[in-house]
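Engineer: Sequence plus the predicted model coming up.
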Amino acid sequence: MAGARVVQLGGASARPSAARGWGHWRTWAQPAAAWAFRRRAACVFELRDLAGIAQSQAGVCLPEGYSFRQATLEELPACAELAETPLDEYRRRCRGGDQCYGTFWDGEPVNLSWLHFGSCYVYGLGLLIEAQPSECYLYNVLTDPGHRGRGLYKNTQRILIEMLASRGITRVRQVVAIDNTVPQIALPKLGYELNQVIRHKCIGGLKITTILDAAGAVASRRLFWWAPVGVFRI
Ligand SMILES: CC(C)(COP(=O)(O)OP(=O)(O)OC[C@H]1O[C@@H](n2cnc3c(N)ncnc32)[C@H](O)[C@@H]1OP(=O)(O)O)[C@@H](O)C(=O)NCCC(=O)NCCS
């Protein structure tokens, strides 16, 4: 995938209370620990023939009682709480033009997906995704634990493919942690192909990102200190 790379790690899962308790820790100690040492590996899945896939999936629908739509600004706090992500971060993404889609049950979000169009830098993997505005990076996907196993993930992924195909989007990428089996199995069934494997280390702030192609050969390795300037950070 010439010059392009991708990223992201799964979202969250368990609901709120912990978020408040660990909020302070998350503010400073967690980034400090990640700066000192961090090692992660993830797979990049890619979907190209959106229109073809959209055409072949007849009658996608969610179980009764669920509705899927873009979250409003007023709904952002509930979405951030579901993902255990600081609300400021969700607001920053909206200001940057990213779109938060949710599946709602009784007015509450129970499943989320974020869409970014164009280039971005995925902090957790030191991964720069160079992309056109017609290319989408789908991230922070999750289902509330109380609503899992009902097809929300699989079906919202299909609805998103249809929606993005109708907008003329030519390519969708997603990054899945190497040990996250549900999306690893589900995405190929939806038409995605494994495109790259990313191995990332951060030692005392020095970042080393190795990109392997689908056959396991090293495609590139980059050592760097600073995140790229002027690229939206996720
Ligand atoms: C991954 C996740 C989004 C799946 O959500 P979900 O709404 O429960 O998924 P679905 O009900 O649509 O199930 C999708 C597929 O995975 C299977 N699946 C779901 N949970 C499973 C489990 N715990 N073990 C094995 N398979 C499982 C389903 O059977 C289904 O497969 P099928 O198409 O063969 O029937 C959810 O587990 C989650 O939020 N995990 C934490 C965050 C995360 O990992 N996000 C993905 C980042 S890429």
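Structural biologist: Cool, got the structure.
Engineer: Tell me how far the closest residue in space to Ile178 that isn't next to it in sequence lies from the ligand.
Structural biologist: Counting by Cβ to Cβ, 6 or more residues apart in numbering, Ile178 lies nearest to Ala41, which is 4.2 Å off, once chain neighbours are set aside. The C-beta positions use only the backbone N, C-alpha and C, and glycine is treated the same way. According to Cβ to the nearest ligand atom, to the nearest Å, Ala41 and the ligand sit 14 Å apart.
Engineer: per-residue confidence at Ala41?
Structural biologist: For Ala41, the pLDDT comes out at 97.
Engineer: Next SSE downstream of the helix or strand harbouring it?
Structural biologist: Per DSSP states H and E: Ala41 is located in strand 37-47. Counting by DSSP H and E, the next helix or strand C-terminal to strand 37-47 is helix 50-56.
Engineer: Please point out which parts of that next one sit buried.
Structural biologist: 50-51, 53-54 (16 or more other Cβ atoms under 10 Å).
Engineer: which of these come close to the ligand?
Structural biologist: Among those, not one lies near the ligand by Cβ under 6 Å from any ligand atom.
Engineer: which one of the residues you listed is nearest the ligand?
Structural biologist: Within those, proximity to the ligand (Cβ to the nearest ligand atom) peaks at Ile53, which comes in at 15.1 Å.
Engineer: shouldn't that closest one be in contact with Ile169?
Structural biologist: No. Here Ile53 does not reach Ile169: they are 11.8 Å apart, not a contact under Cβ atoms under 8 Å.
Engineer: who in the protein is up against the ligand?
Structural biologist: Checking the chain against the ligand by Cβ under 6 Å from any ligand atom, the hits are 10-11, 13, 141-143, 148-154, 174, 176, 180, 182-183, 186.
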